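K.L.:
sequence and predicted structure below; questions after.
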Amino acid sequence: MSLTAKDKKMVKAFWAKVSGKAEDIGCDALSRMLVVYPQTKTYFSHWKDLSPGSAPVRKHGGTIMGGISLAVASIDDISAGLLSLSELHAFQLRIDPANFKILSHNILVVLAVLFPNDFNPEAHVAMDKFLAAVGRALSEKYR
Amino acid sequence: MVDWTDAERSAIVGLWGKISVDEIGPQALARVLIVYPWTQRYFGSFGDVSTAAAIMGNPKVAAHGKVVCGALDKAVKNMGNILATYKSLSETHANKLFVDPENFRVLADVLTIVIAAKFGAAFTPEIQATWQKFMKVVVAAMSSRYF
C-alpha cells in the first residue's frame, strides 16, 4: 500500500492547509491518545501532568508534529528522511510499534474535529496511507 | 459482562440522540468504501463505486449506510446486554453474508471519525473514550458468533 503520486499530492496540499495548527493538532491527538488508550501512559511516567492539554503534552505534541512535517517534506523517501528518528524510537525510546497505529488514529480524529470540511474522504484515505507509511518508516530499525 | 457508569450511559445516549442515522450512515459507509477500497468486494450489486464521487453519490450506498448505522440504535437502547442483542445479526454476518469481522473494526473507526467531524471540539477526549468503548463492545458482539 505505497503512496501513489495522487496520494503524495493530496498529503502535501492538505498539510499545507493544516500545518499552521500543527501544535494544536499534536497536543489534541496526544491528549486523546492518553485518555482513550490509557495503556499509552506507561511511556510518560516521567511527566508530572498527563491531563489533556497540559504543558508537557502540548510541548510533546509539537515535537511529534515536527516529525510529521519532516515526513511530508521527505514524502518521496520517508524511510531515508526518518532514519535518525527510526533509530531514536528503536534503540532509545523503544516504543512498541503497535502504538504508531493508535497515535495515527487519534491524529485522524483531530483532523476531523478541526477541519471537518477539508478532511473529506479523499484527504482521509491519503492521510491514513501516509501515517501508515510513517509508522512503517519509524519501525524500520527495530530489528 | 460490561459495566457502564451512569456518566458513560448518558454520554452515549446523549451523543446518539443528536445523531441522525440518515445523515451519518451514508457518510460512514461511503468513507469505508473510499478509505478501504477492498471493502467494495461486498457490494458488487451496488452499481458504480469506481471513484470517490461515484461512491458518495450512489443511492444504494446511502440506503445501506442507513441500514447499517440504524442497527446501532439497538445497542444504544440495550447497553446492558449488547452481546445478546446482536446474537442473530452476528450469525447472519458470519453464516449468510460471509463478512470478515475485521470490517466491524474498520466501520467503528470510520464512524468515530465521522462523528468527530460532526461534533468538533464537543467530541471531547472523554466522550471519545466512552464512544470507543461502546464501539469495542458492539464490535465484539458482532464478532461473537464467528467461532
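P.N.:
Everything's here; your move.
K.L.:
near chain B, which residues of chain A?
P.N.:
Applying CB under 8 Å from any CB of the partner chain, we find that chain A lies next to chain B at A:31-32, A:34-36, A:52, A:105, A:108-110, A:112-114, A:116, A:119, A:121-122, A:124-125, A:128. To be clear about C-beta, it is placed using only N, CA and C from the backbone, and glycine gets the same treatment.
K.L.:
where in chain A is pLDDT low?
P.N.:
Nowhere does chain A drop to pLDDT under 70.
K.L.:
now do 90
P.N.:
Across chain A, the ranges flagged by pLDDT under 90 are A:1.
K.L.:
with chain B instead?
P.N.:
In chain B, residues with pLDDT under 90: B:1-2, B:147.
K.L.:
contacting residues for A:K8?
P.N.:
Shown in contact with A:K8 (CB atoms under 8 Å, 6 or more residues apart in numbering or on different chains): A:I75, A:D76.
K.L.:
can you check B:I24 too?
P.N.:
B:C69, B:L111, B:V114, B:I115, B:K118.
K.L.:
near chain A, which residues of chain B are found?
P.N.:
B:30-31, B:34-35, B:52, B:55-56, B:109, B:112-114, B:116-121, B:123, B:125-126, B:128-129, B:132.
K.L.:
now the buried members of these.
P.N.:
B:30-31, B:34-35, B:52, B:55-56, B:109, B:112-114, B:116-119, B:123, B:125, B:128-129, B:132 (16 or more other CB atoms under 10 Å in any protein chain shown).
K.L.:
secondary structure class for the residue of chain A most remote from its centre?
P.N.:
Largest separation from the mean C-alpha position in chain A: A:K48, at 22.9 Å (CA atoms, centre = their mean). Secondary structure, DSSP: H, G, I helix; E, B strand; the rest coil: A:K48 is coil.
K.L.:
that one contacts A:P56, correct?
P.N.:
Yes - between A:K48 and A:P56 there is a contact at 7.1 Å, judged by CB atoms under 8 Å.
K.L.:
tally of neighbours for residue 64?
P.N.:
Since no chain was named, I'll use chain A. 18 (other CB atoms under 10 Å in any protein chain shown).
K.L.:
can you look at chain B instead?
P.N.:
Residues near B:H64, counting by other CB under 10 Å, number 17.
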